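Enquirer: Can you look at this prediction? I've put the sequence above it.
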Amino acid sequence: MKNIIPLLCLALLTPGIAHADDIGSVRKKVPEFTASTKQRLYDLERCIIDTDNIGKPWVYRQPDMPERVMLVWESSDLGAATVLEMNGLDNAQLKFWGRNKVWRRVQSCLE
């Protein structure tokens, strides 16, 4: 019985560790999509997040770098996460990894 508790703790911690490793491995690859837009970063971010059909992403932002944001959608299967990096306050530059329904939403927000 004593051996079960450490194994249970390890099992509960594993998804968080896998998520962090997943983002790093995704970002090492060449982005599947890059774009420049004349849209403001916050307007584009709001358009992408304000939808009910793609799930809500994790938002990574540093207080000292308001011009940079990374959105991450965890994968429901064992594949890689979907990652979107946006840089620039007024003219956002995008890097996107993962072609799925998030990809279509990003494209619709760029139009």
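Expert: Sure thing, it's come through.

Enquirer: if I look at the closest residue in space to Glu74 that isn't next to it in sequence, how far off is Arg27?
Expert: Leaving aside its sequence neighbours, Glu74 sits nearest to Ala81 (CB to CB, 6 or more residues apart in numbering; 5.6 Å). Bear in mind the C-beta positions are built from the backbone N, C-alpha and C, glycine included. Counting by CB to CB, to the nearest Å, the gap from Ala81 to Arg27 is 10 Å.

Enquirer: of these two, who's got more company?
Expert: The neighbour comparison of Ala81 against Arg27 (other CB atoms under 10 Å) goes to Ala81, with 22 against 16.

Enquirer: beta partners of the closest residue to Glu85 other than its chain neighbours?
Expert: Among residues not flanking Glu85 along the chain, Lys95 sits closest, at 4.4 Å (CB to CB, 6+ apart). On the basis of DSSP bridges, Lys95 is bridged to Thr34, Glu85.

Enquirer: what lines up beside the biggest strand by length in the chain in the sheet?
Expert: The longest strand of the chain (DSSP state E) is strand 65-73. Under the criterion DSSP bridges, strand 65-73 sits next to strand 58-62 (antiparallel), strand 82-87 (antiparallel) in its sheet.

Enquirer: could you dump the shortest one to PDB, C-alpha only?
Expert: So that's strand 58-62. Presented in PDB, the C-alpha positions along strand 58-62 are these (Å, rounded to 0.1, in the frame of the first residue of the first chain):
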ATOM      1  CA  TRP A  58      -3.300  28.700 -22.400                       C
ATOM      2  CA  VAL A  59      -2.000  32.300 -22.700                       C
ATOM      3  CA  TYR A  60       1.600  33.000 -22.000                       C
ATOM      4  CA  ARG A  61       2.700  36.600 -21.700                       C
ATOM      5  CA  GLN A  62       5.500  38.400 -19.900                       C
END
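
Enquirer: tell me the mean pLDDT for that strand?
Expert: Here strand 58-62 scores 91 as its mean pLDDT.

Enquirer: So for that strand, what gets flagged as buried?
Expert: Buried residues in strand 58-62, counted by 16 or more other CB atoms under 10 Å: none are found.

Enquirer: which outside residues touch it?
Expert: By CB atoms under 8 Å, 6 or more residues apart in numbering, the surrounding residues in contact with strand 58-62 are Glu45, Ile49, Arg68, Val69, Met70, Leu71, Val72, Trp73, Glu74.
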